[in-house]
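1. Pasting a predicted model and its sequence here:
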Amino acid sequence: MEIKFTTGPSPLGSVLVAATAKGVCAVSLRESDEGTEEYLRARFPKAELARDDVALKRALDTVRERIAGRKLDSALELDLQGTDFQREVWNQLLAIPAGSTRSYLDVAQAINRPKATRAVAQACGANPVAVVVPCHRVVMSDGSIGGYSGLPGVKKALLVVEGGWVPDRS
DNA sequence: CCGGACAACATAG
DNA sequence: CTATGTTGTCCGG
């Protein structure tokens, strides 16, 4: 399996987009575009990497549009590999309207597993396509941001930009 | 090679 | 602090 990838700047840092022949398989916000190949090699040990800025330009632009807060139909072709549970969760995340948030509990209930909140969190963390699958719209039930793998502050920034989310310091 | 046990996790109550 | 669901890893058979 060959994986094409490209990177580009964004208001929140460097963006990495990788895709297989089927579709986008990884999206990540990074501090810089250095270490990109290393990141991909770790995630797809058996894949051959090939930079292809042209082929992925559209995908990259779409991602950046979203980071900028513009809601678009963005029907990106995705090639997500994961367990059934994970796909169920991700699918549910895609259903979250831009600008709003859900708690891990809400998502858990939405997929008919009211007590699988923790598992949902796992799935979110396992989500390879940050931003595209809005894992950042999931917050803790008391309204606080919770954690986020990736750069500190990115999750918050995304929420603020696309939803006008206001930090709630109780 | 195939289970079973166990710990980790971006939680909730 | 405990219960919760799913995964990934590690070990014994």
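-> Done, it's in.
2. got the end-to-end distance for stretch A:112-120?
-> Taking C-alpha to C-alpha, to the nearest Å, the first and last residues of stretch A:112-120 lie 11 Å apart.
3. Kindly apply the preceding question to stretch A:97-107 instead.
-> End-to-end distance (C-alpha to C-alpha), stretch A:97-107: 13 Å.
4. what does it contact?
-> Applying C-beta atoms under 8 Å, 6 or more residues apart in numbering, the contact partners of stretch A:97-107 are A:71, A:89, A:92-93, A:96, A:110, A:114, A:117-118, A:120-121, A:124, A:134, A:137-141, A:146, A:159, A:162-165. C-beta here means a position set from N, CA and C on the backbone, and glycine is covered the same way.
5. Can you get me a residue count around A:S144?
-> Using other C-beta atoms under 10 Å, A:S144 has 11 neighbouring residues.
6. same deal with the one 5 residues further on?
-> Around A:S149 sit 13 other residues, with neighbours defined as other C-beta under 10 Å.
7. same check, this time on A:S103
-> A:S103 has 17 nearby residues by other C-beta under 10 Å.
8. Where do the domain boundaries of chain A fall?
-> For chain A, automatic domain parsing gives the domain ranges A:2-67, A:84-163.
9. Between the two ends of the first one, how far is it?
-> Start and end residues of domain A:2-67 are separated by 27 Å (C-alpha to C-alpha).
10. is it up against DNA strand C anywhere?
-> No. On the criterion C-beta under 7 Å from any atom of the strand, domain A:2-67 is out of touch with DNA strand C, staying 10.7 Å away.
11. next one: the last one
-> Yes. Domain A:84-163 comes into contact with DNA strand C when judged by C-beta under 7 Å from any atom of the strand, the residues involved being A:84-86, A:113, A:115-119, A:121-123, A:126.
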